[in-house]
Each structure stands twice: as structure tokens, then as C-alpha cells.
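[1] here is the input, now give the coordinates:
(4 chains)
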Protein chains: 2
Amino acid sequence: MTDFSHDTPECKKAILAVHDAMDVLSGKWKIYIIAALCFNSKRYSDLLRDVRGISGKMLSRELKDLEMHRLVKRTVMDTQPITVSYELTPYGQKLKEVINQLAVWGMEHRNMIIEEMRNN
Amino acid sequence: MTDFSHDTPECKKAILAVHDAMDVLSGKWKIYIIAALCFNSKRYSDLLRDVRGISGKMLSRELKDLEMHRLVKRTVMDTQPITVSYELTPYGQKLKEVINQLAVWGMEHRNMIIEEMRNN
DNA sequence: CTGTATCCACCTTGATACTG
DNA sequence: CAGTATCAAGGTGGATACAG
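    Numbering: from 1, shown residues only, chains lettered A, B, ... in the order given. Just a heads-up that it's a prediction; the model follows:
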């Protein structure tokens, strides 16, 4: 097991837990996809538009990954032509608070950047 | 501006905020480094050990990045030989809640995996 | 609409050796 | 101890074409 420098056991546990989480969430697009699914289920084409800059290949690859980890549920709708809906599983929904905190920080961050530009 | 499918304005704002946050946090190692610095300031060599798998090159590169974004403060200690201490800035500390939520989820996730293995 | 297959450029990363 | 320089390798991801 890794040996941490000055950290108490609780610190180490938290740090390892972050690793456990990131094992699933690492990858260039996962967080964005989960964020996009946080509020509504969406179709493939919706995600392709809402996740800025992602390509079709990457989207399906990452979705498959998230599905495998039980974070996302894929549902084929019986339409003509078929459409596919993606949504967070109850388990994936537990990530909402992470996403929420990220959003909170992102807003603060953006405000700081704007503030900084004003001071130049 | 991106056009989101069914999302309300608040949803869109949150999703964009996540992007703002990830602009700074993306990269294979940033989250791990921040997590490692969440509880204690650490030296370069401490981080090299505590961030599992990172190489020296990547560590200094990512630290430089984090420093540029004002999340991390670098302090050269006047020892022989010199040592360098890294710590979260007050601004970087605001990420603690993100890290904490990640850790919470990571523990749940690990427990689910263990539970699953038990059922096989 | 929802993907998959292929090809390829590029970037990221690791290893190693080196500096102050 | 705390990095930097260089090189090579592999993975990541985009474009395109195609399939069900």
C-alpha cells in the first residue's frame, strides 16, 4: 500500500477514495457527459450537441464505458428510425452532488477571471 | 452559444460552469494532486510518492499549471539542499468541497464493488 | 438516428540522463 | 532535493465513410 507522508489515516482514506472515484470518471469527456445528463435524459444526438466538441466516436465509446460502470442507462426507443435515450442510473445520480460542487466552483472561478480582467 | 436540448436556463448555466471548472482541472493528474494537498502542504518528493503512478516530469508540469491558475502556491525553503513546499492557495482550498464529494462517492463506489463481488 | 470501422496525426506520457 | 531535456512509444481522438 502506498505510504503517505504526514497524512492522518482519515486523510489517506479520503485520498484513496478520490482515486476510486477517478478510476471511473477519468477520461476527457466523462464528467461533461454526466453533467449533461444530470438534469434530463437525452438522446445520442442531444449529447453530441450538448457536450461541446465531442466526436461521435468518443461519445459512444465513453457512454459504453459509463454504462459498463452502471452510471448510465441506455434505452432503445421503438421509433422509426430508432432513437436511443441515455439517463443516469440511480447510482449515477449520486454523482449529482459532485457535479453540483464543480458547478459552484466553476461559477466562482469564472467570476474571478472576469474580476481579474477588469483590474488590468 | 451552444444550444441545449431540453434544459432550462439554470441547467445550461450549471453545465457551462462545469466546463469552466474542468478547463482548469482537466488533465490526468490535477485532481489527484489537489486531493493530496487538501489536508497538508507537501514537498515535491512527498507528492511524487503520494500521487500514485505520477512521474517527475508530469508532476512538475501539472504543478506549474496549477500554480499558474492560482490554485497552488510554491514555496522554496532555504534549507541545504533546498526543499520546495506546495500548498493550496485560499482559492484552491475552495475546491475542498469538490474533493470531499468525490471522496464520498468514491467510498460508496468501492463498497458497491465489494458488495457485487460478494454476490458472485 | 445511432452507431461502427479504419486510417492517421498528434499529444501525452514514461524512461533516462542530466543540472543546480 | 527539485527539477529539466531529450527521445521514443503508445494512446487519444478527429475525419471520413459506411451500416443497421
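
[2] ok, the residue nearest the centre of chain A - contacts?
    Nearest residue to the geometric centre of chain A (Cα atoms, centre = their mean): A:Ile31, 2.1 Å. By Cβ atoms under 8 Å, 6 or more residues apart in numbering or on different chains, A:Ile31 lies in contact with A:Leu25, A:Ile99, A:Leu102, B:Val18, B:Met22. In this view, the C-beta of every residue, glycine as well, is placed from N, C-alpha and C.

[3] what is the burial count for the first one?
    To tie it back to what came earlier, the one meant is A:Leu25. Residues lying near A:Leu25 (other Cβ atoms under 10 Å in any protein chain shown) number 21.

[4] same question, A:Glu108
    Neighbours of A:Glu108 under the rule other Cβ under 10 Å: 16.

[5] and for it, nearest residue in space, chain neighbours not counted?
    Once flanking residues are discounted, A:Glu108 sits nearest to B:Lys94: 6.4 Å by Cβ to Cβ, 6 or more residues apart in numbering or on different chains.

[6] tell me, how many residues neighbour that neighbour?
    17.

[7] I'd like the distance between it and A:His109.
    In this view, B:Lys94 and A:His109 are 9 Å apart by Cβ to Cβ, to the nearest Å.

[8] my guess is A:Trp74 is in a strand, correct?
    Quick fix: residue A:74 reads Arg, not Trp. Yes - if the criterion is DSSP: H, G, I helix; E, B strand; the rest coil, then A:Arg74 is within a strand.

[9] so who does it touch?
    Counted by Cβ under 8 Å, 6+ apart, A:Arg74 has contacts A:Leu63, A:Glu67, A:Val84, A:Ser85, A:Tyr86.

[10] show me what the last one is bridged to.
    Beta-bridge partners of A:Tyr86, counted by DSSP bridges, are A:Lys42, A:Arg74.

[11] gap between it and A:Thr8?
    Counting by Cβ to Cβ, the gap from A:Tyr86 to A:Thr8 is 40 Å.

[12] try the fourth one
    According to Cβ to Cβ, A:Ser85 and A:Thr8 sit 45 Å apart.

[13] same check, this time on the third one
    From A:Val84 across to A:Thr8, the span is 47 Å (Cβ to Cβ).

[14] identify the residue of chain A closest to DNA strand D, quick one.
    Nearest residue of chain A to DNA strand D (Cβ to the nearest atom of the strand) works out as A:Lys28 at 2.8 Å.

[15] surely that residue touches B:Lys28?
    No - at 9.6 Å, A:Lys28 does not count as touching B:Lys28 under the criterion of Cβ atoms under 8 Å.

[16] give me the distance from the helix with the most length in chain A to the chain's centre.
    The longest helix of chain A (DSSP state H) is helix A:96-118. With Cα atoms, centre = their mean, to the nearest Å as the basis, helix A:96-118 stands 16 Å off its chain's centre.

[17] DNA strand D contacts on chain A?
    Contacts of chain A with DNA strand D, taken as Cβ under 7 Å from any atom of the strand, map to A:Gly27, A:Lys28, A:Trp29, A:Gly53, A:Ile54, A:Ser55, A:Gly56, A:Lys57, A:Met58, A:Pro81, A:Ile82.

[18] redo that, cut-off 6 Å
    A:Gly27, A:Lys28, A:Gly53, A:Ile54, A:Ser55, A:Gly56, A:Lys57, A:Met58, A:Pro81, A:Ile82 (Cβ under 6 Å from any atom of the strand).

[19] what does the model give the fifth one for pLDDT?
    Yep, that's A:Ser55 we're talking about. If you check A:Ser55, the pLDDT there is 94.
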